[in-house]
Each structure stands twice: as structure tokens, then as C-alpha cells.
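Novice: Have a look at this prediction, sequence included:
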Amino acid sequence: MKKQILWMWMFVAATAMAGTPQPAEVVYGRVRDPFGFPYVDTGRIRFFNGAVECAQYEFGSILANGMNYRVALDLDSGGAPYTPHAVQSGQTLTVTVEVGGVAQPLIPTNRLTVGAPGSSVRLDLCTGTDADGDGLPDEWELLLCEQSGGKLSGIADVKPQDDFDGDGLSNQDEFNAGTFAFMATDLLQVKDFERVSANRIKLRFLTSQNVSYRVIATELLPVGSWIPLRFALGVNDPVAYRDLVGDGNYQTIYIETASDALFIRLATQ
């Protein structure tokens, strides 16, 4: 009897120390190459807790809201994990992005701190190096230097807030939009903007491959807050809050608004 009681006590103690499943934390975002283009069909993002892989996602297409990955981290309450790949709030994970099976350097970080059960967090990353720490990949900056005709001698001369080609977009905005900062004719701008009915406005603009676009508006400048606008892809189609994924060609969208007192802006994700 004593042996049986002792065995039962050890079993209960061990069970109490083991963790229990918690609602997963969702991690999502956009991973871009060193020239600002989101990855599609070229690699995968992986999350590690030490040497144990917790989750991974193979890039396949642009998802909702311009993201290109979404993973769920299985969370554990504490103690011994209920499964080897489960993680716990507060733990620091290592993030890797592989292209062609080769791990790439990441900007701005390769770490993620696990949040609370049921939470979600956006983690945007870019492959490449950033020796001067300005947020622009060295590879992109070196390309701009090569095309500058000697005006830029190195990455230290490339400033995110500068507008090298004088087209009205900063170097940082050009990188985000997937346009060339050394070509004044390559920029994110609206080609056609006209009212086609009492409550519809047509916008036509040149897109960049796999870059996600949305339309935002405000009633007051310069202090007003920007809010998303609903739009349709056809003149008579129903409008919805959505993102448009670029294909490198001109695209036309139709905004629904009866107001003429709006400041409208085309934005990239």
C-alpha cells in the first residue's frame, strides 16, 4: 500500500509541473528582399526556441493586408512543455529567413519575444545588411551609389530622408514603394484621377510587382488622421476595404465617396 501511495504522489506532482496548452500567438508580417520587394515563392521564415523549431512558413503569395507570412505559435502555461515545439510568454525566439536553403542576414532584428496567449504581433523583416543602421539595406544603397554618376560615394551618403532623384519621394519612400530612387520617372503617383459618377472616383496608377497598395484619406491637413477608404476594382463592382497587390502594370480602382472635401492618398503597405 505504501508503494502504491508513493507512486500516486509522484504521478500527481509530475502532472502538476507539466504545462497545459494555451491559445496560440499569431505572428504575421512582410519579409522583403534587399531591394524592397516582398518574397513570393522563394523561401521560408522559421522560428526557433534554442535548437527546437517552433513554426515555419513557406512564402507562396501575398496575403491579406499586404503580408506574405502568418504563423501560429503554440503556447504553453509553464513548466515542462506539453509538446517540444510549444513556447512560453516572455521567451525569446530566433527568427531565420532562408532563400534557396541559405539563411540570410535580417534587418532590423532576428529575435522575437513571445507575447501573451491569444495575442497577435506584426513582425516586418528585410533580408540584407545595414552597416550604417539607417533602416535601408546596404545592397539597395550601393545600387543607388552605382547609378548616381559619382554623386554618392558610399552608403554613408545615402540618407533615408533625402530625395536623390528629386521626384518628391524620399529615398525611404522609394524603397517602401519598390521604385528606383535614381529615376525621377519611376515613382508612386496617380496617373488618372477623375470623378466618374456622383459617388465614385477613378484612380489609375503604375504598380510595382508584389507591392501592396491601399487608399487612405483625411478631411484636414496637416493635422488630420488618415483613414482607409473602400474601393472597387470595376466601375460597377461593390466597394470593400481591401489591398491591391501590384503586378508591375497600370491598375485602376474606384473609390466610393460623395465628398469633395477629402485629401486622398495612395499608400504602400
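Specialist: Cool, got the structure. Numbering: from 1, shown residues only.

Novice: Name the nearest residue to residue 242, ignoring sequence neighbours.
Specialist: By the measure of C-beta to C-beta, 6 or more residues apart in numbering, the closest residue to residue 242 outside its immediate chain neighbours is residue 231, 7.0 Å from it. C-beta coordinates here come from the backbone N, C-alpha and C atoms, glycine included.

Novice: contact partners of the helix or strand that contains residue 255?
Specialist: Element membership of residue 255 [criterion: DSSP states H and E] is strand 250-256. Counting by C-beta atoms under 8 Å, 6 or more residues apart in numbering, strand 250-256 makes contact with 191-192, 196, 199-207, 213, 215, 229-235, 237, 239, 244, 264, all of which sit outside it.

Novice: That one pairs with which strands?
Specialist: Pairing partners of strand 250-256, with direction, according to DSSP bridges: strand 200-206 (antiparallel), strand 231-232 (antiparallel).

Novice: and residue 84, which of these is closest to it?
Specialist: Comparing the strands paired with strand 250-256 against residue 84 with C-beta to C-beta, the closest turns out to be strand 231-232 (45.9 Å).

Novice: pLDDT below threshold where in this protein?
Specialist: For the chain, residues meeting the criterion pLDDT under 70 lie at 1-18, 183-189, 223, 269.

Novice: still on that earlier bit, hey, which of the strands paired with strand 250-256 is tucked in deepest?
Specialist: Most buried of the strands paired with strand 250-256 by mean neighbour count (mean count of other C-beta atoms under 10 Å) is strand 231-232; its value is a mean of 20.

Novice: what about residue 242, how many residues close to it?
Specialist: Number of residues near residue 242 (other C-beta atoms under 10 Å) recorded here: 18.

Novice: so what's it up against?
Specialist: Under the contact definition (C-beta under 8 Å, 6+ apart), the residues listed for residue 242 are 214, 230, 231.

Novice: Going by distance to residue 268, which of these wins?
Specialist: When the contacts of residue 242 are compared for distance to residue 268 (C-beta to C-beta), residue 214 wins out at 8.1 Å.

Novice: Specify the beta-bridge partners of the residue nearest to residue 48 when sequence neighbours are not counted.
Specialist: With C-beta to C-beta, 6+ apart as the measure, residue 94 is the residue that lies nearest to residue 48, at 4.5 Å, once sequence neighbours are left out. For residue 94, the residues forming beta bridges with it (DSSP bridges) are residue 48, residue 111.

Novice: Repeat that for the one 5 residues further on.
Specialist: With DSSP bridges applied, the residues forming beta bridges to residue 99 are residue 43, residue 102.

Novice: Which residues are in contact with it?
Specialist: Residue 99 makes contacts with 33, 39, 42, 43, 127, as judged by C-beta under 8 Å, 6+ apart.

Novice: if I look at it, how far off is residue 106?
Specialist: As for residue 99, its distance to residue 106 is 11 Å (criterion: C-beta to C-beta, to the nearest Å).

Novice: Residue 32 too?
Specialist: Looking at residue 32 against residue 106, where the rule is C-beta to C-beta, the gap reads 11 Å.

Novice: Mind listing the shared neighbours of the two?
Specialist: Taking C-beta under 8 Å, 6+ apart as the contact rule, the neighbours common to residue 32 and residue 106 are 125, 126, 127.

Novice: pretty sure the last one is touching residue 35, no?
Specialist: The reference is to residue 127. No: Residue 127 sits out of contact with residue 35 when judged by C-beta atoms under 8 Å, with a separation of 9.8 Å.
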